[in-house]
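*Asks:* This is a predicted model, with the sequence first.
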Amino acid sequence: MSFSPHPLSTPGCNSIQEQRDRWEIKRSRTAKQLVRTEQRYCQQLELVTTFFVEILKAKGTLKQDIRESIFSTIKAIHSANQSLLIHLENGYFGKGFDKFCSHLHHYNTYVDNIYNANKVLGIQLKKNKAFRHFKKLQEARPEFNNQKLEDLLQLPIQRIDQYKHFLEDLTSNTSPHNPEFEQLSRAVTAVCMVFQRIQDNTQYHENHLQLCRVQKLLKGRKLKVLAAGSTQPITISPNPKEQVILEYLTLSNVPHMARRHHQIVQIFQGWSLSLRKINKLHYLCLSRVLHHLATYSHQVPDHYPRLCQLPPLVALHAQQPPRPSERNHNSMHRT
């Protein structure tokens, strides 16, 4: 009976190697998914550039300024992603994203224009019969697989979110000693900046929609309401409800709102001292402002905790009908 010698291995070495193996498995899985989705993404971008941008330019169905308003920098994005795909398919993830990040300004331009693009596209579909017919014919092609142009135009926005998750997974499963680690880390930072830009634009768009809804409540009045984010002083009506609405509208730009937190505190303190004057519209404005201030709470540390105590009181009062004694008092005051 013979025994062959085997090298002894310590438990610590085994656990480290097992951890590295798990990292490699996760990294390989993420890499394959990234390549597969990037191939599909480039195919979809090619549909837009080939069957819409190039043909519309050749036919002259849309004017150049309108065409650029709708499609923005999608051709440049397609070119940058084709180069990225070549690197990914060859396994050069760090190098590929390192070069790709130098083209992210095309995504920034596209992100800033997306809401205007949707608006212009909607107008053209209503007013331009030739473009409406052209769009219908192109979307009927088998290559589109029932995909609409509106959905395809949203893909670069959605892809940034996907890049963020893919890069975070790749970086977390890459050894710090790997040459690609620093390249992937830089790519994560760059993509996260574009992602934050998308979030900020979405929030600004929601603020604008909120402004439009409140403007409808002031319909018929001679007072003009400023656009969201305006820093210009305004003449405030003595009507308490209008005053609250207009103060809210002038503070709808979040960074500017944080800088003017002392004025917000004065408004809200006035509300807390006179809860009987608060209605559902006041509560709506208060909730929106507090929601934005939550992001900038580090800039208003002394006031934000106290302000957060107001919404429950305001909501409670806004949901309750006035008491009979208050109705009588108000009617006597009006007479």
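*Replies:* Perfect, thanks for sending it.
*Asks:* My read is that residue 31 contacts residue 169, right?
*Replies:* No: using C-beta atoms under 8 Å, residue 31 is not in contact with residue 169, being 9.3 Å away. Just so you know, the C-beta spots here come from the backbone N, C-alpha and C atoms, and that holds for glycine as well.
*Asks:* do you know how far residue 170 is from residue 26?
*Replies:* 9 Å (C-beta to C-beta, to the nearest Å).
*Asks:* ok, those two, which is more surrounded?
*Replies:* Neighbour tally, residue 170 and residue 26, criterion other C-beta atoms under 10 Å: the higher count belongs to residue 170, 23 against 15.
*Asks:* State the distance from the more buried one to residue 95.
*Replies:* 13 Å.
*Asks:* can you give me the end-to-end distance of stretch 88-99?
*Replies:* By C-alpha to C-alpha, to the nearest Å, the extent of stretch 88-99 from end to end equals 12 Å.
*Asks:* Which helix or strand contains the nearest residue to residue 20 once chain neighbours are set aside?
*Replies:* The shortest distance from residue 20 to any non-neighbouring residue, by C-beta to C-beta, 6 or more residues apart in numbering, is to residue 175 (7.3 Å). In the assignment (DSSP states H and E), residue 175 maps to no helix and no strand.
*Asks:* is it true that residue 175 touches residue 16?
*Replies:* No: at 11.1 Å, residue 175 does not count as touching residue 16 under the criterion of C-beta under 8 Å.
*Asks:* List the contacts of the closest residue in space to residue 88 that isn't next to it in sequence.
*Replies:* Nearest in space to residue 88, with sequence neighbours left out and distances taken as C-beta to C-beta, 6+ apart, is residue 35 at 5.0 Å. By C-beta atoms under 8 Å, 6 or more residues apart in numbering, residue 35 lies in contact with 85, 88-89.
*Asks:* Buried ones from those, can you make that a PyMOL selection?
*Replies:* To isolate the buried members of those in PyMOL, using 16 or more other C-beta atoms under 10 Å:
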select buried, resi 85+88
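*Asks:* Next step: the contacts of residue 35 restricted to strands.
*Replies:* Assignment to strands by DSSP state E places none of those there.
*Asks:* Let me know the closest of the contacts of residue 35 to residue 49.
*Replies:* Nearest to residue 49 out of the contacts of residue 35 is residue 85 (C-beta to C-beta; 14.5 Å).
*Asks:* Now do the same for that closest one: its pLDDT.
*Replies:* Confidence at residue 85, expressed as pLDDT, is 97.
*Asks:* Wait, it touches residue 42, no?
*Replies:* Yes: using C-beta under 8 Å, residue 85 makes contact with residue 42 at a distance of 5.4 Å.
*Asks:* what kind of secondary structure is the residue nearest to residue 88 in?
*Replies:* At residue 35 the chain is in helix, as set by DSSP: H, G, I helix; E, B strand; the rest coil.
*Asks:* what's the spacing between it and residue 180?
*Replies:* For residue 35 relative to residue 180 (C-beta to C-beta), the value is 15 Å.
*Asks:* coming back round to it: out of the contacts of residue 35, which comes closest to residue 22?
*Replies:* In terms of C-beta to C-beta, no member of these lies closer to residue 22 than residue 88, at 22.5 Å.
*Asks:* quick check: domain ranges of the protein?
*Replies:* Under the assignment automatic domain parsing, the domains of the chain span 18-204, 218-334.
*Asks:* Worst mean pLDDT among the ones you listed?
*Replies:* Across these, domain 218-334 gives the lowest mean pLDDT, at a mean of 48.
*Asks:* Spatially nearest residue to residue 112, not counting backbone neighbours?
*Replies:* Nearest residue to residue 112 in three dimensions, chain neighbours excluded: residue 201, at 6.6 Å (C-beta to C-beta, 6+ apart).
*Asks:* and the helix or strand where the one you found lies, which residues are buried?
*Replies:* Assigned by DSSP H and E, residue 201 belongs to helix 180-217. Across helix 180-217, burial judged by 16+ other C-beta under 10 Å covers 180, 183-188, 190-191, 194-195, 197-198, 201, 204, 207, 210-211, 214.
*Asks:* Likewise for stretch 149-159?
*Replies:* Buried residues in stretch 149-159, counted by 16+ other C-beta under 10 Å: 149, 152-153, 155-157, 159.
*Asks:* ends of that stretch, how far apart?
*Replies:* End to end - C-alpha to C-alpha - stretch 149-159 spans 16 Å.
*Asks:* got the contact list for that stretch?
*Replies:* With C-beta under 8 Å, 6+ apart, stretch 149-159 has contacts from 41, 44-45, 47-48, 52, 70-71, 74, 77, 107, 110-111, 114, 117-118, 121, 135, 138-139, 198.
*Asks:* if you set the cut-off to 7 Å instead, what comes out?
*Replies:* Stretch 149-159 is contacted from outside by 41, 44-45, 47-48, 52, 74, 77, 107, 110-111, 114, 117, 121, 135, 139, 198, using C-beta atoms under 7 Å, 6 or more residues apart in numbering.
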